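[1] quick one, structure for this:
(one chain, ligands or ions: 1)
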Amino acid sequence: MKISIIGTGYVGLVTGVCLSEVGHHVTCLDINPEKVDMLSKGISPIYEPGLGDLMVKNMEAGRLSFTTSHILGLKEADVVYIAVGTPQGSDGAANLSYVYQAARDIGRNITRDVVVVTKSTVPLGTNHKVKQLITANLEGNHCVQVVSNPEFLREGSAVYDAFYGDRIVIGADCPEAAAVIEEINKPFGIPVLKTSISSAEMIKYASNAFLATKISFINEIANLSEKVGADVAEVAKGMGQDARIGSQFLKAGIGYGGSCFPKDTSALVRISEELNHDFHLLRSVMEINENQKTVLVEKAVERLGSLEGKRIALLGLAFKPETDDMREAASIAVAEKLMELGAEIIAYDPVAAENAQRILPEGVLFAAQIEEAVKDADVVFILTDWKEIVEKALILSSLFMKNPIIFDGRNCYTEKEVKKYNVEYVSVGRMPVI
Ligand code: UGA
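    Next comes the predicted model:
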């Protein structure tokens, strides 16, 4: 069985590498020649723990290759995965132009019967349109079946998730096509849920929207906890011990970021609108998240008064640890707000600094080492809980700062830990430690 994957972004590349690791022959296609050149040299364009080594291993074993040629990439394929981006358009809806282009390319280039698998997150009904487009562009008399196989990988632990995920959803209207995809996924040993195409499309959006809801919910509880003197970490622990609630995604902080939750919640709201349904709950989830991104700035203003001329160290810029992804990272909103208030910013991230330089407002300074960022700072903000930052921020602040004060958007330390150092500490949903 020959597998081709269209799109070598985060989803396509991880899928391609992991499918080759379990023994399949995979060709990854991308229209970007520089990217394909880089990949062909064994260099991963994204920072994802474990991915680069696995990629090289499978390229050397002759199971994984990269090409820009649709003819080469699709001609011998039995199964084609569509894993191109569905970025958010200006109206909030998912932009499907890359998906539709991939469908046309498949139609024009396949030379046998194929099963086409949609990995990209697409609104309800898209898979039917994909099938129509492929069929309309077919040059031979080939049978094409479309399967929706949403991905649930998290950035930063995508390789782990590919092998130890909770479920694989296979949405198909044709049992034979579903069986082909089930067989391909057998080596992963992950439970398979077979559904209709529409249900699979909905499962993806509903899952991300639900996780985003959990985060906004706990952030609201955090904001309330501060007012009544409760500790949100204790509250989340107590809630999470109820198996019906579950303990995950109840970590309060400065809101969710990344390429998925913001884009998918917004797309689901748009889908609802088109169906004349007001998804009021999800609109609130999004609004809470926007407000949450800058709660630390408000706390700093409340505590210190004017931030004009204050040198503020921003520790951690990526939307979460173990990634260089800056998309919708809270650091962007925080930096913009602080600049507006006249603060001087020195930013540090162990991996995402290069991407951040392109995205954060002009005038933000960058430190190559965490020590350099903290050294002359008046205030420290923790925005991403990278291991290095958690290990060093408290101790460095106590050593280097005149009046050490940390505003922690990720609740990295307990009161007991903070009290060992001479540091004022303000976090989210908990009482300040003075
Ligand atoms: C998310 C989902 O978790 C994946 O299942 C899904 O496949 C992926 O989107 C996608 O659709 O591609 P990801 O965005 O990589 O994965 O990262 P998460 O680990 O889910 O974190 C998202 C954001 O929520 C981060 O900013 C994180 O800091 C924040 N978060 C997460 C919280 O603030 N609190 C929590 O308790 C959990």
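[2] I'd say residue 223 and residue 299 touch.
    No - with contact defined as CB atoms under 8 Å, residue 223 does not reach residue 299; the gap is 10.9 Å. No exception for glycine: its C-beta is placed from N, CA and C like everyone else's.
[3] okay, and the helix or strand of this protein with the least pLDDT?
    helix 70-74 (a mean of 87; mean pLDDT, DSSP states H and E).
[4] give the next helix or strand downstream of it.
    Going down the chain from helix 70-74, the next helix or strand is strand 79-82, by DSSP states H and E.
[5] contact partners of that following strand?
    For strand 79-82, contacts defined as CB atoms under 8 Å, 6 or more residues apart in numbering pick out 1-7, 12, 15-16, 74, 99, 102-103, 106, 110, 114-120, 130, 149, 180-181, 184.
[6] out of those, which touch the ligand?
    With CB under 6 Å from any ligand atom as the criterion, the contacts of strand 79-82 include none near the ligand.
[7] inside strands: which ones of those residues?
    Taking DSSP state E as the definition of strands, these contribute 2, 3, 4, 5, 6, 114, 115, 116, 117, 118.
[8] can you list the domain ranges for the protein.
    Split into domains by automatic domain parsing, the chain comes to 2-195, 204-291, 293-426.
[9] with mean neighbour count added, can I get those in TSV?
    Output for those, formatted as TSV (neighbours: other CB atoms under 10 Å):
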stretch	mean neighbour count
domain 2-195	19
domain 204-291	18
domain 293-426	20
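[10] can I get those domains in a markdown table including distance to residue 433?
    Listed next are those as a markdown table, based on distance: least, CB to CB, whole Å:
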| stretch | distance to residue 433 |
| --- | --- |
| domain 2-195 | 29 |
| domain 204-291 | 11 |
| domain 293-426 | 4 |
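[11] circling back: show me how far the least confident helix or strand of the chain is from its chain's centre.
    Between the centre of helix 70-74 and the centre of its chain there are 29 Å (CA atoms, centre = their mean, to the nearest Å).
[12] ok, stretch 277-291 next?
    Offset of stretch 277-291 from its chain centre (CA atoms, centre = their mean): 19 Å.
[13] numbering from 366 from now on, please.
    Sounds good: first residue 366 from here, last item stretch 642-656.
[14] what lies in contact with it?
    574, 577-578, 580-582, 584-585, 620-621, 626-627, 630-631, 633-634, 637-638, 698.
[15] out of those, which are close to the ligand?
    Contacts with the ligand are made by 580, 621, 626 out of these, judged by CB under 6 Å from any ligand atom.
[16] and the ligand, is stretch 648-660 touching that?
    No - contact between stretch 648-660 and the ligand is absent, the nearest approach being 8.6 Å (criterion: CB under 6 Å from any ligand atom).
[17] hmm, I was thinking of stretch 550-560
    No - on the criterion CB under 6 Å from any ligand atom, stretch 550-560 is out of touch with the ligand, staying 13.5 Å away.
[18] for the ligand, what's the nearest residue on the stretch 666-799 of the chain?
    residue 685 (4.0 Å; CB to the nearest ligand atom).
[19] an error on my part: the question was meant for the stretch 416-565 of the chain.
    residue 520 (3.5 Å).
[20] give the contact list for that residue.
    Per CB under 8 Å, 6+ apart, neighbours of residue 520: 375, 413, 623, 624, 685, 687, 688, 690.
[21] quick check, it in a strand?
    No - using DSSP: H, G, I helix; E, B strand; the rest coil, the assignment for residue 520 is coil, not a strand.
[22] that one and residue 683, how far apart?
    9 Å (CB to CB, to the nearest Å).
[23] please apply the same query to residue 469.
    In this structure, residue 469 and residue 683 are 35 Å apart, going by CB to CB.
[24] go on, residue 488?
    Applying CB to CB, the value for residue 488 to residue 683 is 28 Å.
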